[in-house]
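Enquirer: give me coordinates for this.
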Amino acid sequence: MTIFDFKKNSPTHQDSFKVVLRQLNYEFDLYKIKSLTKKIKRKELNKRIWGIYDGQYLYINCFFISFKKGHSIAEEIERFIYIKAPPIMSLAQENSIYRTSVNFGLVGGLVSTAAVSGKIGDNVNYIIDQNSGIPNILNKTYLYKILESQQDLLEQYKKEINQDDLKTELKYIRLLNSRNK
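Expert: Below is the predicted model:
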């Protein structure tokens, strides 16, 4: 389903899915989803379907956010959907890993990958605005932008001591979501 199918509550595919936890070294869980009936091909599931709702969780395809394989569970599902997803590596970072792998083999590639991963972190917090379908990185700048329409919340947020703290950011996402019902 696309984000717009999700908003209209009209799934494009009726199927049974198997959800498997992928064993990766992220600070959050990433899932692999398989069609049990094989009605949906794996390529379509991984590259074209935005999300899967199993009645309990909404699994969002990370390919549409960071071009990585796997699905992440949405933790807030209202107008603003909050998820954690793998970070996007820049071309310079990918080239650095490639060059080190070519010059120094597997060990060099592993060391370079660890160094780059240490710089960018293991996860990124994203907010998907259901009105536009566009994912944005959850940070102070984005919060200022979306709080502009709610001046009282914006003033309250400006008075916060730890504006960059994830708990503070999520508090204001929840407040926005409660007002947009």
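
Enquirer: where does pLDDT dip in the protein?
Expert: Applying pLDDT under 70 to the chain flags residues 1-15, 23-28, 88-123.

Enquirer: switch the cut-off to 50
Expert: Residue ranges of the chain with pLDDT under 50: 90-93, 118-121.

Enquirer: so where do the strands sit in it?
Expert: Secondary structure of the chain by DSSP state E: the strands cover 17-22, 30-35, 51-53, 58-61, 71-73, 80-85, 124-129, 135-137.

Enquirer: in TSV: those strands, plus distance to Ile161 and mean neighbour count.
Expert: Backbone N, C-alpha and C define where each C-beta goes, glycine included. Formatted as TSV, the strands of the chain follow (distance: least, Cβ to Cβ, whole Å; neighbours: other Cβ atoms under 10 Å):
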stretch	distance to Ile161	mean neighbour count
strand 17-22	36	12
strand 30-35	33	18
strand 51-53	35	21
strand 58-61	31	22
strand 71-73	29	23
strand 80-85	22	22
strand 124-129	19	20
strand 135-137	22	17
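
Enquirer: which one of these lies nearest to Gln156?
Expert: Judged by Cβ to Cβ, the one of the strands of the chain that comes nearest to Gln156 is strand 80-85, at 16.9 Å.

Enquirer: give me the contact list for that closest one.
Expert: 26-28, 58, 60, 62, 65-66, 68, 72-76, 123-130, 138, 146, 170, 173, 176-177, 180 (Cβ atoms under 8 Å, 6 or more residues apart in numbering).

Enquirer: between the strands of the chain, which one is nearest to Glu44?
Expert: Smallest distance to Glu44 across the strands of the chain (Cβ to Cβ): 9.0 Å, for strand 30-35.

Enquirer: grab the nearest non-local neighbour of Tyr144.
Expert: Using Cβ to Cβ, 6 or more residues apart in numbering and skipping residues adjacent in sequence, the residue nearest Tyr144 is Leu154, 7.0 Å away.

Enquirer: actually Asn131, not the one I typed
Expert: Asn131 sits nearest to Arg79 (Cβ to Cβ, 6+ apart), 6.7 Å away.

Enquirer: again, but for Asn177
Expert: Glu78 (3.4 Å).

Enquirer: please apply the same query to Asn180.
Expert: Once flanking residues are discounted, Asn180 sits nearest to Arg79: 4.3 Å by Cβ to Cβ, 6+ apart.

Enquirer: need phi/psi at that neighbour.
Expert: Dihedral angles of Arg79 (phi, psi; degrees, to the nearest 10) stand at phi -60, psi -40.
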